[in-house]
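Student: Take this sequence and fold it.
(2 chains)
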Amino acid sequence: RKEVEQDPGPFNVPEGATVAFNCTYSNSASQSFFWYRQDCRKEPKLLMSVYSSGNEDGRFTAQLNRASQYISLLIRDSKLSDSATYLCVVNGGPRAAGNKLTFGGGTRVLVKP
Amino acid sequence: DAGVTQSPTHLIKTRGQQVTLRCSPKSGHDTVSWYQQALGQGPQFIFQYYEEEERQRGNFPDRFSGHQFPNYSSELNVNALLLGDSALYLCASSPLGVATGEAFFGQGTRLTVV
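Tutor: The predicted structure is shown next:
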């Protein structure tokens, strides 16, 4: 079983619509959680951190369910520029050791006019 | 402020050869991690360097080795290349002890083994 699992998609989304997708993680000791965005043939970039209480950043909402070990991302009012691969990331390393990020395989989102 | 820079951007090697990839971290960052991203997959952690030592290692064979220099820059070496080593190799830098999860990635080196 992979440590972080995601639906690869693609999720075909009409412009202006809402899309949501999840990922699951296997290590219950994982400490911090993130969504990264990766455009085609580019490097991953941090989209947002994910907190237990849920958090929003503009049109993006992330939630964490530790009991069920899943993380979600919701995108409202989708823009064409939201087309990308969204990577679910778990940081399981102890704080003293810095970042050892475990990535899911990514969920591809295609926003269409 | 320069971000993470990697060189070369593209590379073609033959099976059995050796390759060295280079990375300069973001200014102020002292920790460098390397990731391998195969086509259609998420990045996989190879190893992490801090204070010129390998601090953590992922599930990669000993053919993958690295080095960190006093100026925090780093190299990734892969010996006895296999076709399956073809991938995008990403370097990420971060400050140690700040496990924010925000690793800054370079643009990557795309390695093709033929």
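
Student: how about the residues of chain B near chain A?
Tutor: B:31, B:33, B:35, B:40-45, B:48, B:50, B:55-56, B:58, B:90, B:92, B:94-103, B:105-108 (Cβ under 8 Å from any Cβ of the partner chain). All C-beta spots, glycine's among them, are computed from the backbone N, C-alpha and C.

Student: Among those, name the ones in strands.
Tutor: With DSSP state E as the criterion, strands contain B:31, B:33, B:35, B:44-45, B:48, B:50, B:55-56, B:90, B:92, B:94, B:105 from among the residues of chain B next to chain A.

Student: Need the max-distance pair from those.
Tutor: Distance extremes for those: the farthest pair is B:44 and B:50 at 19.6 Å, using Cβ to Cβ.

Student: So the two - more neighbours on which side?
Tutor: residue B:50 (20 against 17; other Cβ atoms under 10 Å in any protein chain shown).

Student: Buried among the residues of chain B next to chain A? Need that as a selection in PyMOL.
Tutor: Selection of buried members from these for PyMOL, criterion 16 or more other Cβ atoms under 10 Å in any protein chain shown:
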select buried, chain B and resi 31+33+35+42+43+44+45+48+50+55+56+58+90+92+94+95+96+99+101+102+103+105+106+107+108
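
Student: pLDDT weak spots in the chain?
Tutor: No chain in the question, so chain A it is. A:93-99 (pLDDT under 70).

Student: You answered for a different chain; I wanted chain B.
Tutor: Ranges of chain B meeting pLDDT under 70: B:1, B:96-101.

Student: Against chain A, how distant is the residue nearest the centre of it?
Tutor: Of all residues in chain B, the one closest to the mean position by Cα atoms, centre = their mean is residue B:34, 3.0 Å from it. Counting by Cβ to the nearest Cβ, to the nearest Å, the separation of residue B:34 from chain A is 11 Å.
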